[in-house]
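Engineer: Sequence first, predicted model second:
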Amino acid sequence: MFRKVFILLFTVVVTCMAGICFAQDPNGAETLAQNPQAPVDYVWVLVCGFLVFFMQAGFAMVEAGFCRAKNATNLMAKNTIDFVLASLVFMAVGFAFMMGNDYKGLIGISGWFLHGESYDVGRYLVFFWQLVFAGTAATIVSGAVAERLKFKAYFLYSLAVAAIIYPIYGHWVWGGGWLSKLPFGLGHVDFAGSGVVHTIGGFVGLAGAIVLGPRFGKFGKDGKPRAIPGHSIVHAALGTFILWFGWFGFNPGSTFSAHQLRIAVIAVNTNLAAAAGAAVALLLVFMKTKKWDVGMMLNGCLAGLVAVTAPCAWVEAWAAVVIGAIAGLLVVISVYFWEARGIDDPVGAVSVHAVNGVWGLISVGLFADGTYGLGVTTEPFVKGLFYGGGYGQLIAQAIGAAVCVTWAFGLGYIVFKAMDKYFGVRVAPEEELKGLDVIEHGTPAYPNFYTTNQE
Amino acid sequence: MFRKVFILLFTVVVTCMAGICFAQDPNGAETLAQNPQAPVDYVWVLVCGFLVFFMQAGFAMVEAGFCRAKNATNLMAKNTIDFVLASLVFMAVGFAFMMGNDYKGLIGISGWFLHGESYDVGRYLVFFWQLVFAGTAATIVSGAVAERLKFKAYFLYSLAVAAIIYPIYGHWVWGGGWLSKLPFGLGHVDFAGSGVVHTIGGFVGLAGAIVLGPRFGKFGKDGKPRAIPGHSIVHAALGTFILWFGWFGFNPGSTFSAHQLRIAVIAVNTNLAAAAGAAVALLLVFMKTKKWDVGMMLNGCLAGLVAVTAPCAWVEAWAAVVIGAIAGLLVVISVYFWEARGIDDPVGAVSVHAVNGVWGLISVGLFADGTYGLGVTTEPFVKGLFYGGGYGQLIAQAIGAAVCVTWAFGLGYIVFKAMDKYFGVRVAPEEELKGLDVIEHGTPAYPNFYTTNQE
Amino acid sequence: MFRKVFILLFTVVVTCMAGICFAQDPNGAETLAQNPQAPVDYVWVLVCGFLVFFMQAGFAMVEAGFCRAKNATNLMAKNTIDFVLASLVFMAVGFAFMMGNDYKGLIGISGWFLHGESYDVGRYLVFFWQLVFAGTAATIVSGAVAERLKFKAYFLYSLAVAAIIYPIYGHWVWGGGWLSKLPFGLGHVDFAGSGVVHTIGGFVGLAGAIVLGPRFGKFGKDGKPRAIPGHSIVHAALGTFILWFGWFGFNPGSTFSAHQLRIAVIAVNTNLAAAAGAAVALLLVFMKTKKWDVGMMLNGCLAGLVAVTAPCAWVEAWAAVVIGAIAGLLVVISVYFWEARGIDDPVGAVSVHAVNGVWGLISVGLFADGTYGLGVTTEPFVKGLFYGGGYGQLIAQAIGAAVCVTWAFGLGYIVFKAMDKYFGVRVAPEEELKGLDVIEHGTPAYPNFYTTNQE
């Protein structure tokens, strides 16, 4: 099967590469001459992109922390390979689908392999930025399908997310596609990707979790959900801090220009939403259980970050607090909601990313305060319902969210179902019980420690 | 009680917000027009601020590493919640107290909730910077009171530090308050916060440690201190590296402008002081015990960083080495000093932050070499005793240090004593013995591993 | 012995410092006046340097993860002390040897202790950058000699690397020395240090591993190598992500100027080589063993990063993929190669850094595409064999690589042999069996966990 994929890719590529060689600036001399202020923008975008890359470490730590020791090697493998494959396939075709020349608002069709006219400092910069986002979308999935998915399946869904699902939807919103041109408000807008990255990743994860079914032991004989505690709260907390840190690249960096001084507002909003989400989730669970639930606080924090990702540039600080606080509420409700429906999402990826991604998109239509535009400081500005913008923007946001959910869940479901039919996506029962580390990877994560059998 | 606090806050806020709506620049267009060079300064301050934020992860790892596994969940909870609460309360009132319009040199009185005239890119930038500092001050405390403080008490002291203790003292030094106008030298100066952040956090921690009393088992029946080893040297080392990394934001970023090329000198000085502190602490303990004590080396490193935080911009490289080396000496002496007095500071927070914060303030009055001013490259320059500056600056530094110690220890003591009287700050004995994780948080940090009972 | 070293250093320093006091700009006012665009370059270099510093944490985590729990404290100590000592000695003499005024193409001879004319913002900036590189070279060694080297020996080889081995070779390539002036191609070139940092560190490590001999249990009675699994795949993966993150400072920052917009291309190439290396190493081992070997994937990733470090600025994206893929192949072959020869390199440092450092140097002579010069956008551009550049550059690269290997291995061997003769570099057998933590450092890394005896 790999061979077939390669032959297909090869054919596509050779066909597309023939004859492409336009104006380009591979060393940046011309770009600098035309825009002497470019260096600070390049520094900003690159450094923020580095921070977004580092979120891979955050996801790895969060997922390891929230899962069991017997699958920790597997989780490290997955969190590495998804970014590795995303890098390669997004360079090959994903970037072209997303940011290539637009074809009827549906898809991009140029820039394969970063070759030809894409060998240009500006194009490479855009590629780098979009790549780290694509990698984030891919890695979100792995939390929802943790502890039971075959490693081979990671290869294939990572390729699907980075080559098709993320870039095509991304094209619709950020690549000049049809969603960005909806005749409501300023069209569907998503500043840093509550939808493009998080809703996409979260709903593909949901599809995977549904196809896979719950882990052994997650639901009792009576169908009631049982807690399966993760093996290291310290790793989970470290991962959350790394993600929070990386989000300061994710959101402010999405101006793609340091000349947008709005970056200061975006940084503040990002932080406040995280704080509000964490506080609300912690207090809610405390009121219910009288325990200070760290796991839920960490997920509340991440929920706030996901939610504020779309509106971060268009709202005031207090609104960021409100958006984050609602996210903290939603994540708690959502965790119970999915559990009650027999869906097992080991790290809460669906509740954090899928649900709050949607909330983030909607919140733009409510709280956007009309002080900032689409990455520019000139009108038209994005304005939501609460600031007299009427329902236009809210409708655009709702349409985009609906499309996003449908696209991600639909394609995700097809991908996981197809894999399941073809080779079976779930590991054998004895492997799941013993842990994936030894059988799939040949080595336990912690051979020097005595571990419980963890079921 | 929470309700009362909220009502109070609400009243204050509504009163203050009424009618405030001055000139402001929420999207940055005007600011950029007035200062086309602003983007690089924004990038610098934000990126450095992100690094300072990341120090939260460093503190979490250091504290986890130096404490026992049975309290690791608790430490993660504390290290998250202190920053979460600091974010919210500093946005609500702390920032106004610190950087609002000055009232008689004592306190700031405008900018509540970042609203009104504060909805401005420049103000948000200042807020972000000061927020991550406030969060650092709050989180320093948790190391000194680790493994025995009720979680509820974390809520309250975090609020006190971020709303009152840090911002008001900060106003005196950095907000145009009275200490900055002392008639000695150039007034009390503290480049990046040896005093404002570290001495404050450290002495509040000392107050907490005194009110709490030592952990069970810290002192034998004979009163002699006993080592309670932390549960992961690897976490402690990782945390130290993260802090060291974050300090490159903390100190150089405190120029608040990339146009101060002195940032290169500050980065070098920061690094050298850390290295010198680590080397001296390691060697000192080796001479005494013939063991290469990693914990002390890590604290020596942090001590050097704390000490150089005040003088980093005003001294030459060799002086940074000397300042750091003395810090490495002081931290070793200090650890034994407090232990001998029955005070139990599990991670050495008092020795690192309180003691070396004071040393850092004093060192400015000795080593400042008269090549750099108060964040500017024009005279008057800060000049210490060894460079012919006379005793003026040294006196200003000593006064500031004395005020800082008194303020932080005094208010910290009041806060902890009041909490202790109101609800008792220390967990129940059986809880302390069993560990705080299960009882307060409902989950051990490492459920898949067999752990010792750790006493 | 320490005393003798100090006396020697002191004499050298006093001699050299006498009378040096040229034009300088300690606060940056003049530098800014002459080059108003300097701030963005300073920000770029400093932030990238901070990232390179953070690689210390990455090396610490990778080495801890790939070694056994009983030596984890020791590894933390080593990874800290090597950077600490490198900082101090590189400031004292290393920087002068490397970047001081050139003496006959062989060595630099000015700038001791950053004093005198070196008290200048621009010089401090260069120092900071080179220091974090020197620290990287020093820390690479520790992986190859892990789990059996006396702590004292770390002191001495760290000093040797940071004072002599790295800076003098560095002078030859980056300080205007003879290798940079070879009459082939544009002379020997090494954009970000595949040779200067990684080959140097890797071959000193190889020398150390040879002098030390293999760990007990690494080879069976039949001489066949046996796997000694590391104690935490999670730490190893975290460390790899941190290194990958830091490499985005290492490579793009080596332009030493944000005005080189080529930084975007460099970031992309760095990432793609890492991804390709990881993918190839993973697949190769899977084809052989049918296991998804995470350790090898992580080393494949690092191998790709090492290899692309020299060519990163001079090649196109697809070439970075090829270079990384070959690195992934080489690292797998190399691991088996050294093992088969009885050389025990616990973390694969030789295979990652030594072997792929050489490959990186060579690859420049093959893939450099003639679009970029020596950190400038004007001709002459670096051009390799595959782009019609003939054999010139390839010859220069081969000569440089041969010199690098000879220098690093030769001096490394002398240093380790001398230490071995003087005091014996290897710990006592019972200490090695019990682990270095308790005996050398007085504390196990994980006192709250039950650990296996690990051999």
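Structural biologist: All right, it came through fine. Numbers count the residues shown, from 1 in each chain, chains lettered A, B, ... in the order given.
Engineer: Name the nearest residue to A:Lys417, ignoring sequence neighbours.
Structural biologist: A:Val211 (5.8 Å; Cβ to Cβ, 6 or more residues apart in numbering or on different chains). Glycine gets a C-beta too; all of them are placed from N, C-alpha and C.
Engineer: same for the helix or strand containing that neighbour, what does it pack against?
Structural biologist: Element membership for A:Val211, per DSSP states H and E: helix A:200-212. Packing contacts for helix A:200-212, counted by 3 or more Cβ pairs under 8 Å, 6 or more residues apart in numbering or on different chains; DSSP states H and E, involve helix A:121-144, helix A:349, helix A:392-423.
Engineer: can you list contacts of the shortest one?
Structural biologist: Counting contacts by Cβ atoms under 8 Å, 6 or more residues apart in numbering or on different chains, the residues outside helix A:349 that touch it are A:140-144, A:201-202, A:205.
Engineer: The residue in chain A positioned nearest to chain B: how many residues sit nearby?
Structural biologist: As assessed by Cβ to the nearest Cβ, chain B sits closest to A:Leu261 within chain A, at 2.8 Å. Using other Cβ atoms under 10 Å in any protein chain shown, A:Leu261 has 28 other residues around it.
Engineer: Could you do A:Asp222 as well?
Structural biologist: Around A:Asp222 there are 5 residues (other Cβ under 10 Å).
Engineer: where are the low-confidence patches of the stretch 1-150 of chain A?
Structural biologist: Applying pLDDT under 70 to the stretch 1-150 of chain A flags residues A:1-23.
Engineer: For it, just list every one of the helices.
Structural biologist: Here the stretch 1-150 of chain A has its helices, by DSSP state H, counting those that start in this stretch, at A:2-17, A:29-34, A:38-66, A:72-89, A:95-99, A:121-144.
Engineer: Buried residues, stretch A:296-310. List them.
Structural biologist: Residues A:296-310 are the ones in stretch A:296-310 that count as buried (16 or more other Cβ atoms under 10 Å in any protein chain shown).
Engineer: re the thing from before, who's in contact with the residue nearest to A:Lys417?
Structural biologist: A:413, A:416-417, A:420, A:425.
Engineer: which outside residues touch stretch A:352-363?
Structural biologist: A:140, A:188, A:190, A:194-195, A:197-203, A:205-206, A:299, A:302-304, A:306-311, A:315, A:323, A:326-327, A:330-331, A:334, A:384, A:394, A:397-398, A:400-401, A:404-405.
Engineer: for A:Asn251, phi and psi?
Structural biologist: Backbone torsions for A:Asn251, taken as degrees, to the nearest 10, come to phi -80, psi -60.
Engineer: In terms of pLDDT, where does it sit?
Structural biologist: Here, the pLDDT recorded for A:Asn251 equals 98.
Engineer: What distance do you get for it to chain C?
Structural biologist: 18 Å (Cβ to the nearest Cβ, to the nearest Å).
Engineer: so what's that residue up against?
Structural biologist: A:191-192, A:266-267, A:269-270, A:308-309, A:312-313 are the contacts of A:Asn251 under Cβ under 8 Å, 6+ apart.
Engineer: By neighbour count, which of those residues wins?
Structural biologist: A:Val308 (36 neighbours).
Engineer: Contacts only, for that residue.
Structural biologist: Contacts of A:Val308 by Cβ under 8 Å, 6+ apart are A:194, A:251, A:269-270, A:272-274, A:315, A:320, A:323-324, A:327, A:360.
Engineer: ok, now with 10 Å
Structural biologist: Counting by Cβ atoms under 10 Å, 6 or more residues apart in numbering or on different chains, A:Val308 touches A:191-192, A:194, A:247, A:251, A:266, A:269-274, A:276-277, A:315, A:319-321, A:323-324, A:327, A:356, A:359-360, A:363, A:367.
Engineer: ok, now A:Lys290?
Structural biologist: So A:Lys290 contacts B:440, B:442 (Cβ under 10 Å, 6+ apart).
Engineer: on that earlier part again, okay, the helices of the stretch 1-150 of chain A in CSV with distance to A:Val285 and mean neighbour count next?
Structural biologist: CSV is the format used below for the helices of the stretch 1-150 of chain A (distance: least, Cβ to Cβ, whole Å; neighbours: other Cβ atoms under 10 Å in any protein chain shown):
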stretch, distance to A:Val285, mean neighbour count
helix A:2-17, 45, 11
helix A:29-34, 51, 16
helix A:38-66, 15, 27
helix A:72-89, 25, 28
helix A:95-99, 39, 27
helix A:121-144, 19, 27
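Engineer: Is the residue lying closest to A:Phe191 once chain neighbours are set aside in a helix, a strand, or coil?
Structural biologist: Once flanking residues are discounted, A:Phe191 sits nearest to A:Ala313: 4.5 Å by Cβ to Cβ, 6+ apart. A:Ala313 falls in the coil class when you classify it by DSSP: H, G, I helix; E, B strand; the rest coil.
Engineer: quick one: A:Ala313 and B:Thr80, what's the gap?
Structural biologist: The spacing between A:Ala313 and B:Thr80, counted by Cβ to Cβ, to the nearest Å, is 26 Å.
Engineer: At the contact with chain B, which residues of the stretch 301-450 of chain A appear?
Structural biologist: Counting by Cβ under 10 Å from any Cβ of the partner chain, the positions of the stretch 301-450 of chain A adjacent to chain B are A:301, A:304, A:313-314, A:316-318, A:320-321, A:324-325, A:369-373, A:376-378, A:381, A:435, A:446, A:449-450.
Engineer: got it, and the stretch 1-150 of chain A?
Structural biologist: Checking the stretch 1-150 of chain A against chain B by Cβ under 10 Å from any Cβ, the hits are A:37, A:39-41, A:43-44, A:47-48, A:50-51, A:54, A:58, A:61, A:65, A:67-70, A:72.
Engineer: Which ones, among those, also lie beside chain C?
Structural biologist: Restricting these to those near chain C - Cβ under 10 Å from any Cβ - leaves A:37, A:39-41, A:43-44, A:47, A:50-51, A:54, A:58, A:61, A:65, A:69, A:72.
Engineer: A:Lys288: how many residues sit nearby?
Structural biologist: 12.
Engineer: my bad, A:Pro429
Structural biologist: The burial count for A:Pro429: 10, using other Cβ under 10 Å.
Engineer: where are the low-confidence patches of the stretch 301-450 of chain A?
Structural biologist: For the stretch 301-450 of chain A (pLDDT under 70), the answer is none.
Engineer: Helices of the stretch 201-350 of chain A, start to end?
Structural biologist: Under DSSP H, counting those that start in this stretch, the stretch 201-350 of chain A gives helices at A:233-250, A:263-289, A:294-309, A:317-340, A:349.
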